[in-house]
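A.B. asks: Structure of the sequence below:
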Amino acid sequence: MAEHEGASGTRIFEYGKQVDFGRTAADYGRWRAGYPEELYTRLATFGVGVGGQRILDLATGTGFLGRGFARRGCAVTGLDIALPLMSEARRLDSDGGLAMNYLRARAESLPLCGGAFDAVAAGQSWHWFDRVAVAHEARRVLRPGGWLVIAHFDWIPLPGNVVEATEQLIMRHNPAWRLGGGLGIHPAYTRDVGRAGFIDLETFSFDVQVPYTHAGWRGRIRASAGIGGQLPPAQVADFDADHAAMLRERFPQDPLDVLHRTFAIICRARDV
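C.D. replies: Residues are numbered from 1 along each chain as shown. So this is what the prediction gives:
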């Protein structure tokens, strides 16, 4: 099992070098669902997301994970390599009456002082990183006893559901796609943080049904790594037309209930 997970992680990391989410920033910002409120409620039981905390949101994208902390009164710095995504994040912040700071940098080499943050969070991004390097960098920039949170909010394919059908369509249009068939649970990440010296590790998960209109689900998939993040515009348009036809024929209900699984790892930087 460990060898399989290691090989899979390497393939995904290499695949990620071909993906540019900046190309799909508009769809990403408009259609990608934010994290459920229950995630923040559960994190708060650990003391994460308390007003006044300094939180670093790695690979912030359009700020969906960090914005939830900002709504709770945290001082959030969002870090990403894609300027178009952070521009979209600033627009969403403004629309919501919030303010986050943004910094363009790689998570593997943070241009930040040691001990600067109460918590570091990585949402829907750990698989794209050099995970060992990022775990060590996260520990470096945390205060002693600070928290690392790794969170995912994954759509879940089950036999006959709209996610399975959509993933099959993605594979027909982009056979190089590497992220299908997921379970929404990521146990290998616990090894990453343990090796970096984090302690008091806990994991939790829960499922939610996310309502998407047909237009919204199409936009969400256009914003994904396998479509808008990799394919040229003409191929994205071809996929989108096929996706619209498939939804009309096989899943005419509108809106759809799309099964998602929230998964989180939370652990603490060892006091030194």
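A.B. asks: average pLDDT across stretch 199-214?
C.D. replies: Mean pLDDT, stretch 199-214: 97.
A.B. asks: tell me which residues in that stretch are buried?
C.D. replies: 208, 210, 212, 214 (16 or more other C-beta atoms under 10 Å). Just so you know, the C-beta spots here come from the backbone N, C-alpha and C atoms, and that holds for glycine as well.
A.B. asks: for stretch 120-139, same thing?
C.D. replies: Going by 16+ other C-beta under 10 Å, stretch 120-139 has these buried residues: 120-129, 131, 134-135, 137-139.
A.B. asks: Run through the helices of this structure in chain order.
C.D. replies: Taking DSSP state H, the helices of the chain run over residues 2-16, 25-31, 37-44, 64-71, 83-95, 131-141, 162-173, 188-195, 214-222, 233-250.
A.B. asks: now, which of the buried residues of stretch 120-139 sits nearest Ala44?
C.D. replies: Taking C-beta to C-beta as the measure, Ala44 lies nearest Ala121 of those, at 13.2 Å.
A.B. asks: what about the closest one, distance to Ala59?
C.D. replies: Distance of Ala121 to Ala59, computed by C-beta to C-beta, to the nearest Å: 10 Å.
A.B. asks: returning to that earlier point: which one of the buried residues of stretch 120-139 is nearest to Trp147?
C.D. replies: Val120 (7.5 Å).
A.B. asks: Run a quick check on the closest one versus Val141, I expect a contact.
C.D. replies: Yes: applying C-beta atoms under 8 Å, one finds Val120 in contact with Val141, separated by 6.5 Å.
A.B. asks: which residues do those two both contact?
C.D. replies: Leu56 (C-beta atoms under 8 Å, 6 or more residues apart in numbering).
A.B. asks: just to revisit the earlier point, any idea which of the buried residues of stretch 120-139 is closest to Leu92?
C.D. replies: Gly123 (14.5 Å).
A.B. asks: Deepest in the core, which of the helices of the chain is it.
C.D. replies: Ranked by mean neighbour count under mean count of other C-beta atoms under 10 Å, the helices of the chain are led by helix 64-71, which reaches a mean of 23.
A.B. asks: JSON lines for the helices of the chain, including distance to Ile150?
C.D. replies: Below are those laid out as JSON lines (distance: least, C-beta to C-beta, whole Å):
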{"stretch": "helix 2-16", "distance to Ile150": "13"}
{"stretch": "helix 25-31", "distance to Ile150": "20"}
{"stretch": "helix 37-44", "distance to Ile150": "11"}
{"stretch": "helix 64-71", "distance to Ile150": "10"}
{"stretch": "helix 83-95", "distance to Ile150": "19"}
{"stretch": "helix 131-141", "distance to Ile150": "9"}
{"stretch": "helix 162-173", "distance to Ile150": "22"}
{"stretch": "helix 188-195", "distance to Ile150": "5"}
{"stretch": "helix 214-222", "distance to Ile150": "22"}
{"stretch": "helix 233-250", "distance to Ile150": "29"}
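A.B. asks: Out of those, which gets nearest to Glu108?
C.D. replies: So among the helices of the chain, helix 131-141 is nearest, using C-beta to C-beta, at 4.2 Å.
A.B. asks: tell me the angle that closest one makes with helix 188-195.
C.D. replies: 50 degrees (axes from the mean of the first three to the mean of the last three C-alpha atoms, to 10 degrees).
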